[in-house]
Every structure is written in C-alpha cells, then in structure tokens.
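[1] got a structure for you, letters missing:
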C-alpha cells in the first residue's frame, strides 16, 4: 500500500531513488498514461493510442509491449529509449494539495509528496533528493518539472480528448500483429485518430482544433504509429533470443 508523505528536506534528507529499471520497480507494464504536454517527445519513441475509461471518457497511452506485463524498452536494468515517459519518470513522487492562506484567502496549493513504500526507495542508493546544504538535487529538480508537466497534462488531456470525441475522431482499432509463423497477438481496447475523418473536417472545425492546440496533438499521435515497426522488431528479436536463434539482420 502506498504511504505518502509531504516531501521535506529534513525528514527525507537521506533518501535516494534507484536509477535502475526493471520488474522489481514496477516497470513491467505494457501501457503507461501519456499526456499532451509530452507528445512531441513521446512520438519519437513510442506508439500513442487512446483508452476508454469506465465513464466513457478517453485518455492517451504509450504502448510499451504487446501484453499487460511486457515492457520491450526494459533490458539489463536500463530503459532503452531517449525519452522516459512522465508516468515512469515521476518515480515515487506525485503532486498533492495543501490548503494555505494566501492574501487572507484559503487556497489549495500543489505540493510534492513521496510514497515511502515505493520500491525505488528500497535499495538505499541511486539519485539523492537533496544537496548537502538542503537544496533540491538536480534529480529532484527534474522530477518537479515532470510533475508540473503531468499536472498540466492531465487537464490538457481531458480537454483534448473531449474535443476529439466531439468531432468523432477517436475510433476503435483492430490491431493484429504477427511476429513469426508461431507468434501473433491481437491488441484489444485501443483507439486511434481516424485520419480520414480528420482530413474531412471543414475549415471552421480545423481552425477550432488548431486554435485550442489539439490539432498538433492529433497529428503527433498519428506520426507516433511509425514506432510500431520498432516495437515489433524488438519483440521479434526477443522471440529469436528465447529460441536460441541468431538475431543479426533484423531491421528495426
């Protein structure tokens, strides 16, 4: 069970966050939530899709593997990509809210919290959170930037998906992927941008999406699908490794 505490440079001065990646840290996931604030970076590495929640609303996800516990970006304690999704990069941290008096009025202010039960804290080594004199370490500064992006991205994601839904641009996908003669998978529950519907929108609707900043996001999602071939190639490589077959010559 998570045990969150408000981050404090005295109470938590000796904490370190592991710099390694692996199943033992909860990184063995096939999907992670994605945010419009990071689409430009994500689309260079990961296929971006949408998932539908129980309430009928959508949220964006980055595909990491072809089953719920498969992350094809993990290898030998490393994350093999140039960009780490914000949902992973935040590690044991999240933004909580604390009521504070500002100019005589009560406001709910965002503050950083840390999950003291998170597996990345168990090793006792890795990134320090604070400098010897008490200031934020470079690692913690980066995490705070990530948390700000997530905080903004959650709101932006809801607004973006609502706008795309309004124009019926989010449509279900039927994805069947064959890796070799013996291995194939059908991906269920994923949605994508309907390219033809997007192209058919009239000028007024396109302008509205562009004005609100969602048109770029839609095209970034479409562009990200080129990463599927890299993900498929990595899956093929691992299947051949498991079978004791040579992997040279596979094209990513």
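    Perfect, thanks for sending it. Just so it is clear, the structure is predicted and the values come from calculations on it, not from any experiment.
[2] And residue 158, which helix or strand is it part of?
    For residue 158, the enclosing helix or strand under DSSP states H and E is helix 138-166.
[3] Please identify the buried residues of that helix?
    Going by neighbour count (16 or more other CB atoms under 10 Å), the buried part of helix 138-166 is 139-140, 143-144, 146-147, 149-150, 153-154, 156-157, 160-161, 163-165. Yep, even glycine has a C-beta here, placed from its N, CA and C like the rest.
[4] for it, packing partners?
    strand 58-63, helix 86-89, strand 93-102, strand 105-115, strand 127-128, helix 203-212, helix 214-224 (3 or more CB pairs under 8 Å, 6 or more residues apart in numbering; DSSP states H and E).
[5] Identify whichever of those lies nearest to residue 40.
    helix 214-224 (6.3 Å; CB to CB).
[6] Tell me the gap between that closest one and the middle of its chain.
    Chain-centre distance of helix 214-224: 16 Å, with CA atoms, centre = their mean, to the nearest Å.
[7] avg pLDDT for stretch 57-71?
    Averaged over stretch 57-71, pLDDT sits at 97.
[8] which of the residues in it are buried?
    58-66, 71.
[9] again with stretch 25-36
    25, 27-36.
[10] Which of those lies at the shortest distance from residue 173?
    Among those, and counting by CB to CB, the member closest to residue 173 is residue 31, at 13.7 Å.
[11] The closest residue in space to the closest one that isn't next to it in sequence bridge partners, please.
    With sequence-adjacent residues excluded and distances taken as CB to CB, 6 or more residues apart in numbering, residue 31 is closest to residue 61, at 4.6 Å. On the basis of DSSP bridges, residue 61 is bridged to residue 33, residue 49.
[12] Now do the contacts for residue 194.
    Taking CB atoms under 8 Å, 6 or more residues apart in numbering as the criterion, residue 194 is in contact with 168-171.
[13] Repeat the analysis, applying 6 Å as the threshold.
    Listed by CB atoms under 6 Å, 6 or more residues apart in numbering, the contact set of residue 194 reads 169, 171.
[14] separation between it and residue 172?
    10 Å (CB to CB, to the nearest Å).
[15] Could you do residue 160 as well?
    18 Å.
[16] and if you look at residue 116?
    40 Å.
[17] The nearest residue to residue 142 once chain neighbours are set aside: neighbouring residues, count only.
    With sequence-adjacent residues excluded and distances taken as CB to CB, 6+ apart, residue 142 is closest to residue 89, at 7.6 Å. Neighbourhood size, residue 89 [other CB atoms under 10 Å]: 18.
[18] and residue 38, what does it touch?
    Contacts of residue 38 (CB under 6 Å, 6+ apart): residue 86.
[19] how about a cut-off of 10 Å?
    By CB atoms under 10 Å, 6 or more residues apart in numbering, residue 38 lies in contact with 46, 48, 60, 62, 83-87, 89, 146, 149-150, 153, 220.
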